[in-house]
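J.: what shape does this take:
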Amino acid sequence: MEKKVIKLSTEAYKGVRDFYPEDMFIQNYIFNIFKKVCESYGYNEYNASVLEPADLYRAKSSEEIVTEQTYTFTDRGDREVTLRPEMTPTVARMVSARKQELSFPLRWYSIPNLFRYEKPQKGRLREHWQLNVDLFGVTDTSAEVEVVSLAYTIMKEIGLKDTDFQIRLNSRKIMNYILSDLMSLDEVTAQKICRLIDKKQKMSTEDFDLAVKELLTEKSAEFLTLLNSQNFEEFVSKLPKGQEVVEKVDEIREVVAKLEKLGITNVIFDQTLMRGFDYYTGIVFEVFDNNPENRRSVFGGGRYDDLLAIFDGQKVPAFGFGAGDVIIRDIMETYKLLPEYRPKTDLYICTLAKEYQEYGNELAQKLRPVGVKVAVNLTDKKVGDQIKSADKQKIPYIICLGEDELKKGEFKLKNLKTGEEKVATEDTMASLILNS
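T.: Numbers count the residues shown, from 1 in each chain. This next block holds a predicted model:
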């Protein structure tokens, strides 16, 4: 009986990406910007496994992420495991594990692979990479200023102008004061309001106002008046004038003033900015794209001084953010900032016949140690087809090996993009390629 052949789909799993060489080129370009900026601020790279105990996220991530968006399963040892949906709980665990050995302030960054089971859409997939930047051990607003400045520098490095984006600030301290002290809400209702505000941009004004009225009833009008303030000073003018409020407000003013001294002037206060995670304790921020084609939050973060206490009861002040690669690539595409694909290979060595491959490999071995990246033809293709193949792969230079070339020790080095040819020898070829 003939065995039935099963044809497997060539499609990737829904919500994830295949990275062909041209895609890897762009991803590495973005990652190199991330690394360059972070390391220029004195941050060191770390990493960890994509697998974490599920309880780590139940402890402090938002309920929506834990119950609806995680890839969670039971392993062969009957342990509940989650593919990490975010990196902050992991870095908190790592810092807590070696707290006595580490030197604070601690500046760390990572570009982890993250997984969330959510509806794929523009700027958001089920799997992505995300730059995570965290500063541990600084209690005052110098942490906010440094990290927000780093985030600003990333946007500038990818090619955006100050007018292309905003940095929006809010304070969970102020919002918690409004919800708890001013509105006298219980914890459950306060959390519902926070999540509602977090979704405000995705709702119509009518639907949002109605949802607020359902939760706050007679207090909704006062709350909406505060929330609809046009700027920081108007917002502050509607708050009580007590010292407790002044301290929280001054913290925002201080951060904005310090950033302005660093030349960062595209910062605004936004009382509707909440950030989705439950672990934020102070100032939160988001980078927001101003382009009409892509008006949305790019990335953000905030202060989370209490998170490390879930491990040993001891708090460590911390401020950080996460920036996903999907939305960064979308922004670069929107502003036409994506780099042109260039392969790593510098030179393709064609051979007129099979017997010249041996010398081609010998020549390649001489060129590689001095920095020339070389691919040698290993096929029986005609020279014209070899050249077409190299050109299709966007390899910039090519030489062809035949009897005359081997006898003379001279080669026609051709630039496939311009068509220009130069005579090269074994001794001059590397400099002609690398110094072009």
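
J.: am I right that A257 sits in a strand?
T.: No: the assignment for A257 is helix, going by DSSP: H, G, I helix; E, B strand; the rest coil, so no strand is present there.

J.: that one: neighbour count?
T.: 13 (other CB atoms under 10 Å). In this view, the C-beta of every residue, glycine as well, is placed from N, C-alpha and C.

J.: hmm, who's touching the strand or helix carrying D250?
T.: Using DSSP states H and E, D250 maps to helix 243-261. Residues outside helix 243-261 that contact it (CB atoms under 8 Å, 6 or more residues apart in numbering) are 141-142, 144-145, 148-149, 152, 167, 169-171, 173-174, 177, 181, 232, 236, 239, 265, 267, 269, 282-283.

J.: please point out which parts of the following helix or strand past it sit buried.
T.: Under the assignment DSSP H and E, the closest C-terminal helix or strand after helix 243-261 is strand 267-269. Within strand 267-269, the residues that count as buried by 16 or more other CB atoms under 10 Å are V267, F269.

J.: residues making contact with strand 267-269?
T.: By CB under 8 Å, 6+ apart, strand 267-269 touches 148, 166-170, 231-232, 235, 252, 255-256, 259-260.

J.: strands of the stretch 51-200 of the chain, start to end?
T.: 51-53, 71-74, 80-83, 106-110, 113-115, 127-136, 165-171 (DSSP state E, counting those that start in this stretch).

J.: for those strands, which one sits closest to L227?
T.: strand 165-171 (11.1 Å; CB to CB).

J.: quick check: mean pLDDT of that closest one?
T.: Taken as a whole, strand 165-171 has a mean pLDDT of 95.

J.: number of nearby residues for N377?
T.: With other CB under 10 Å as criterion, N377 counts 24.

J.: check N113 too.
T.: 14.

J.: what are the bridge partners for it, then?
T.: Using DSSP bridges, the bridge partners assigned to N113 are W129.

J.: my understanding was that it contacts L51; is that so?
T.: No: using CB atoms under 8 Å, N113 is not in contact with L51; the gap is 11.3 Å.

J.: is it true that L432 touches E421?
T.: No: contact criterion CB under 8 Å: L432 and E421 do not qualify, at 10.8 Å.

J.: what do the two both touch?
T.: With CB under 8 Å, 6+ apart, L432 and E421 have common neighbours L413.

J.: ok, these two, which is more surrounded?
T.: L432 (16 against 12).

J.: count residues in the vicinity of the nearest residue to P21 once chain neighbours are set aside, would you?
T.: Nearest residue to P21, sequence neighbours excluded (CB to CB, 6 or more residues apart in numbering): P343, at 6.8 Å. For P343, the neighbour count with other CB under 10 Å is 16.

J.: check which helix or strand covers P343.
T.: Short version: P343 belongs to no helix or strand, going by DSSP H and E.

J.: where's it relative to C38, distance?
T.: With distances taken as CB to CB, to the nearest Å, P343 is found 27 Å from C38.

J.: just Y177 next, same as before
T.: Taken as CB to CB, the span from Y177 to C38 is 33 Å.

J.: picking up where we left off before, dump the strands of the stretch 51-200 of the chain to JSON lines, plus distance to L8.
T.: Converted to JSON lines, the strands of the stretch 51-200 of the chain look like this (distance: least, CB to CB, whole Å):
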{"stretch": "strand 51-53", "distance to L8": "26"}
{"stretch": "strand 71-74", "distance to L8": "22"}
{"stretch": "strand 80-83", "distance to L8": "23"}
{"stretch": "strand 106-110", "distance to L8": "34"}
{"stretch": "strand 113-115", "distance to L8": "22"}
{"stretch": "strand 127-136", "distance to L8": "20"}
{"stretch": "strand 165-171", "distance to L8": "43"}
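
J.: which stretches of this protein have low pLDDT?
T.: 1-2, 60-65, 276-277 (pLDDT under 70).

J.: okay, domains of it per the record?
T.: Using automatic domain parsing, the domain parsing of the chain gives 21-184+240-334, 347-434.

J.: what would those look like in a markdown table with distance to K7?
T.: Listed next are these as a markdown table, based on distance: least, CB to CB, whole Å:
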| stretch | distance to K7 |
| --- | --- |
| domain 21-184+240-334 | 25 |
| domain 347-434 | 28 |
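
J.: for these, which one ends up most surrounded?
T.: domain 21-184+240-334 (a mean of 18; mean count of other CB atoms under 10 Å).

J.: next one: it to chain centre, how far?
T.: 10 Å (CA atoms, centre = their mean, to the nearest Å).

J.: what's the end-to-end length of stretch 297-313?
T.: Start to finish, the residues bounding stretch 297-313 are 33 Å apart (CA to CA, to the nearest Å).

J.: correction: the previous question concerned stretch 170-181.
T.: End-to-end for stretch 170-181, by CA to CA: 18 Å.

J.: what lies in contact with that stretch?
T.: 185, 190, 193-194, 197, 223, 226, 239, 244-245, 248-249, 251-252, 269-275, 280-285, 302-303.

J.: run the angle between the helix holding D250 and strand 165-171 for me.
T.: Taking axes from the mean of the first three to the mean of the last three CA atoms, to 10 degrees, helix 243-261 and strand 165-171 form an angle of 160 degrees between their directions.

J.: got the CA positions of helix 243-261 in CSV?
T.: This file holds the C-alpha atoms of helix 243-261, laid out as CSV (Å, rounded to 0.1, in the frame of the first residue of the first chain):
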residue,chain,number,x,y,z
GLN,A,243,1.9,69.5,51.0
GLU,A,244,1.2,65.9,50.0
VAL,A,245,0.0,67.0,46.6
VAL,A,246,2.8,69.6,46.2
GLU,A,247,5.5,67.0,46.7
LYS,A,248,4.0,64.7,44.0
VAL,A,249,3.5,67.6,41.6
ASP,A,250,7.0,69.0,42.1
GLU,A,251,8.5,65.6,41.2
ILE,A,252,7.1,65.9,37.7
ARG,A,253,8.2,69.6,37.4
GLU,A,254,11.7,68.6,38.5
VAL,A,255,12.0,65.8,35.9
VAL,A,256,10.8,68.1,33.1
ALA,A,257,13.2,70.9,34.1
LYS,A,258,16.2,68.6,34.3
LEU,A,259,15.4,67.1,30.9
GLU,A,260,15.1,70.6,29.4
LYS,A,261,18.6,71.4,30.7
